[in-house]
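Trainee: Just a sequence and a predicted model for now, questions to come.
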Amino acid sequence: MAETEGKLESSETVWVTAESLVEPLKNDMLWMRHYGIINVVNSILNSIELNQTVTNLMVTARSDGYTHGYAECTQYVNDVLRVDWDNSRSATRGVHTSAAHSAAKTECNNLRLPVMDLVIVALQTDDFVA
């Protein structure tokens, strides 16, 4: 009987020890879920670097679209009306917006945000909450 009680006390001690080890992990996971991920996402979305890159991409895409659209429209008018539309004074004539747009896309694809470097460092540590 004493041996069984000893085993029971030992198993209860192991159980309590296991619970005490798991509880901080649960708390860390809850903290990460409720605060950590939200803070990381907010840092990414509110990043000045991301904002500047996306703005540049939008502006170059719009300019490139206007340039190609105007060139297409000019070609259409020339073909339909059988005239040689003079677009020599057009603001889009001779402008190479495709290169600027391609550079903006490359910049966006290669964007490195400082907050992501911090996330990578945090993921490599044992205690990412600290």
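Mentor: That came through, no problem.

Trainee: Distance of residue 48 relative to residue 25?
Mentor: Remark: distance between residue 48 and residue 25 (CB to CB, to the nearest Å) = 35 Å. C-beta coordinates here come from the backbone N, C-alpha and C atoms, glycine included.

Trainee: quick one: buried residues of the top helix by length along the chain?
Mentor: Ordering each helix of the chain by length in residues (DSSP state H) puts helix 48-81 first. If you call a residue buried by 16 or more other CB atoms under 10 Å, then helix 48-81 has these buried ones: 50, 53, 56-57, 60, 63-64, 67, 70, 74.

Trainee: next one: it to chain centre, how far?
Mentor: For helix 48-81, the distance from its own C-alpha centre to the chain's C-alpha centre is 25 Å (CA atoms, centre = their mean, to the nearest Å).

Trainee: elements contacting it?
Mentor: For helix 48-81, the packing partners by 3 or more CB pairs under 8 Å, 6 or more residues apart in numbering; DSSP states H and E come out as helix 97-109.

Trainee: With adjacent residues omitted, what lies nearest to residue 77?
Mentor: Once flanking residues are discounted, residue 77 sits nearest to residue 85: 5.1 Å by CB to CB, 6 or more residues apart in numbering.
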